[in-house]
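[1] After the sequence you'll find the predicted model.
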Amino acid sequence: MEKAIVPKQVSQALDLHKLVWDKASSKTQALQFMALPFSEVKGTAAETLRKYAIKEPEKYMQAVLYGYEPRIEDKKDLANVIEIWVAKPYVDDERKDIEQFAGVITKHFQQQ
């Protein structure tokens, strides 16, 4: 399954909890994320994830299990994605990498 495209605030909240839980195994982290919507954990990030999990349970679980990317919401976000890509060395040849990047961007906008 593919990575989930989630709102930027959800992505940041997931990143924060992964940082806090970095010593836990990936299975333990997944269990913690699954329990979070029903827990008494306090905080802005926890509340963001709780609301998102209730509103979009399938996307939430997809993000937890398969990874996630923040939704590109404006030109600045898109510029940042392109800047990061341009700074990376080519994995294959230039043309193939460009096609793969175009596929990523196309898929991203189709999921929104």
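    Arrived safely, thanks for sending. Numbers count the residues shown, from 1 in each chain.
[2] quick one: the most centrally placed residue in the chain from Val86, how far?
    Centroid-nearest residue in the chain, with Cα atoms, centre = their mean: Tyr68, separated by 2.3 Å. As judged by Cβ to Cβ, to the nearest Å, Tyr68 and Val86 stand 22 Å apart. Yep, even glycine has a C-beta here, placed from its N, CA and C like the rest.
[3] Please apply the same query to Gly103.
    16 Å.
[4] Bridged to the residue nearest to the centre of the chain, which residues?
    Tyr68 has these beta-bridge partners by DSSP bridges: Ala4.
[5] Stretch 72-84: which residues count as buried?
    72, 81 (16 or more other Cβ atoms under 10 Å).
[6] how far out from the middle of the chain is that stretch?
    Distance of stretch 72-84 from the chain centroid (Cα atoms, centre = their mean, to the nearest Å) equals 15 Å.
[7] what do you get for stretch 83-90?
    Chain-centre distance of stretch 83-90: 19 Å, with Cα atoms, centre = their mean.
[8] Stretch 9-28 now?
    The answer for stretch 9-28 is 11 Å, by Cα atoms, centre = their mean.
[9] Nice, that's everything, thank you.
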